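Novice: fold the following and give me the result.
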Amino acid sequence: PGSFGMMLAFMCLWSLGMHLFMPISSSLTIFLTRSGAGGTRLGQVRSLRDFSFLIGALLVWTMMGPLNLGYSHLYLWSTVLVLAAAVCFWKLNLAAAPRPDRIRWVYHRRYSLFYLLNLFFGIRKQMFLTFAPLVLILYYGLKPSHFAILMLISASIGTFFGTAVGKLVDLLGERFVLVSDSVLLFTVSICYSLVTRESVGTGPALYILCGCYVLDHVLFSARVAHVTYLKKILLEPSHLTPTLALGTTIDHLFAMTMPLAGGLLWHFVNYQAVFLPVAGLAVVMGVASCFTTGRHLASRQENSPAA
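Specialist: A predicted model of the protein is given here:
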């Protein structure tokens, strides 16, 4: 028989596997991509991930709704898909992949901006994942079915947007994509801070904030620029995966702690005060992003020994 403890154990196991895969996915994509097309490939992978989300949501709805198969069948087919993915990974030809002489934690001053960008991303990601839904639920009465629709819209747009962002990285460089991401994040944050029922009316405010909710999720695709930037400044190829792993650790460290500060702001001031610091963070992100590579510099770095 099932139990709450067993469910928690398997959730932890699932989370462990997911977080192990996060840096490996990006490094594998970079390794299997020809020089100069890393952004496009990473964007395509992001688009496929969103498309897979759409297919998965449709399958869950079909199995749990019209077919009424229950959780056992759902998890059984999930297991089959996971095993199929494992077979695909096993078949990959990775003999030429760069490997370190020993397993080590890579930290280098040269990668400081990459670490900083991950720190910023972790904060902005979790602040919106935590508080944006609360605003829509507590102040505008949105239900789970409404969020399902918003997530499906986000994934539908992301199916095309991820590839477009990747191509922009290859064509115009990381600086353009990341600064644009910062400008749009600033806009989203200001909307959550200033657009209220009192200022524009309940209906318009709801549509604006829902649009911002979708836009924020779509903007996650800009993270491919972090990976391509790191690839261009690597001291040696074997640094890629451990440095991505450290970036993920920094991301999650701040993602798990900063919402506490946001909760205190909400409690002692108001919810608008939560998003104003994120707007300030967007400005700092934009400034930091100006120090990443533009297209002209990227081409030069790809031909240099350090790339």
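Novice: spatially central residue in this structure, please.
Specialist: Geometric centre of the chain, nearest residue: Phe220, 4.4 Å, by C-alpha atoms, centre = their mean.
Novice: do I have it right that that one meets Lys125?
Specialist: Yes. Counting by C-beta atoms under 8 Å, Lys125 is a contact partner of Phe220 at 7.2 Å. Quick note: C-beta positions are derived from backbone N, CA and C, even for glycine.
Novice: which phi and psi values does the closest residue in space to Val60 that isn't next to it in sequence adopt?
Specialist: Nearest residue to Val60, sequence neighbours excluded (C-beta to C-beta, 6 or more residues apart in numbering): Leu74, at 6.7 Å. Leu74 has phi and psi values of phi -60, psi -50 when expressed as degrees, to the nearest 10.
Novice: can you read off the pLDDT for Leu74?
Specialist: According to the prediction, Leu74 has pLDDT 82.
Novice: after the helix or strand where Ser25 lies comes which helix or strand?
Specialist: Using DSSP states H and E, Ser25 maps to helix 4-31. Proceeding N to C from helix 4-31, the next assigned helix or strand is helix 38-64, under DSSP H and E.
Novice: any buried residues in that following helix, and which?
Specialist: Residues of helix 38-64 classed as buried: 38-47, 50-51, 53, 63 (neighbour count, 16 or more other C-beta atoms under 10 Å).
Novice: how far off helix 4-31 does that helix point, in degrees?
Specialist: For helix 38-64 against helix 4-31, the angle by axes from the mean of the first three to the mean of the last three C-alpha atoms, to 10 degrees is 150 degrees.
Novice: now helix 38-64: mean pLDDT?
Specialist: The pLDDT scores in helix 38-64 average 83.
Novice: with stretch 238-258 instead?
Specialist: pLDDT averaged over stretch 238-258 gives 86.
Novice: buried residues, it. List them.
Specialist: 238-252, 254-255, 258.
Novice: from these, which ones fall inside helices?
Specialist: Applying DSSP state H to the buried residues of stretch 238-258, the entries found in helices are 240-252, 254-255, 258.
Novice: pLDDT below threshold where in the protein?
Specialist: Scanning the chain for pLDDT under 70 picks out 1-2, 34-36, 95-104, 294-307.
Novice: what's the helix or strand containing Thr187 packed up against?
Specialist: Assigned by DSSP H and E, Thr187 belongs to helix 174-194. Secondary-structure packing of helix 174-194 (3 or more C-beta pairs under 8 Å, 6 or more residues apart in numbering; DSSP states H and E): helix 112-140, helix 144-172, helix 202-218, helix 224-233, helix 272-289.
Novice: got the angle for it vs helix 202-218?
Specialist: Going by the same axes, to 10 degrees, helix 174-194 makes 150 degrees with helix 202-218.
Novice: orientation of helix 174-194 relative to helix 272-289 in degrees?
Specialist: Helix 174-194 and helix 272-289 are oriented at 170 degrees to each other (the same axes, to 10 degrees).
Novice: okay, buried residues for helix 174-194 please.
Specialist: Across helix 174-194, burial judged by 16+ other C-beta under 10 Å covers 174-182, 184-186, 188-193.
Novice: return the alpha-carbon coordinates of it using PDB.
Specialist: Once non-C-alpha atoms are left out, helix 174-194 reads as follows in PDB (Å, rounded to 0.1, in the frame of the first residue of the first chain):
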ATOM      1  CA  GLU A 174      24.700  36.800 -25.700                       C
ATOM      2  CA  ARG A 175      24.800  40.500 -24.900                       C
ATOM      3  CA  PHE A 176      21.800  41.400 -27.000                       C
ATOM      4  CA  VAL A 177      19.700  38.400 -25.800                       C
ATOM      5  CA  LEU A 178      20.500  38.900 -22.100                       C
ATOM      6  CA  VAL A 179      20.000  42.700 -22.100                       C
ATOM      7  CA  SER A 180      16.700  42.300 -23.900                       C
ATOM      8  CA  ASP A 181      15.700  39.700 -21.300                       C
ATOM      9  CA  SER A 182      16.600  42.200 -18.600                       C
ATOM     10  CA  VAL A 183      14.500  44.900 -20.200                       C
ATOM     11  CA  LEU A 184      11.500  42.700 -20.500                       C
ATOM     12  CA  LEU A 185      11.900  41.400 -16.900                       C
ATOM     13  CA  PHE A 186      12.000  45.000 -15.700                       C
ATOM     14  CA  THR A 187       8.700  45.600 -17.600                       C
ATOM     15  CA  VAL A 188       7.100  42.500 -16.100                       C
ATOM     16  CA  SER A 189       8.200  43.500 -12.600                       C
ATOM     17  CA  ILE A 190       7.000  47.100 -12.900                       C
ATOM     18  CA  CYS A 191       3.600  45.800 -14.100                       C
ATOM     19  CA  TYR A 192       3.200  43.500 -11.100                       C
ATOM     20  CA  SER A 193       4.200  46.500  -8.900                       C
ATOM     21  CA  LEU A 194       2.000  49.200 -10.400                       C
END
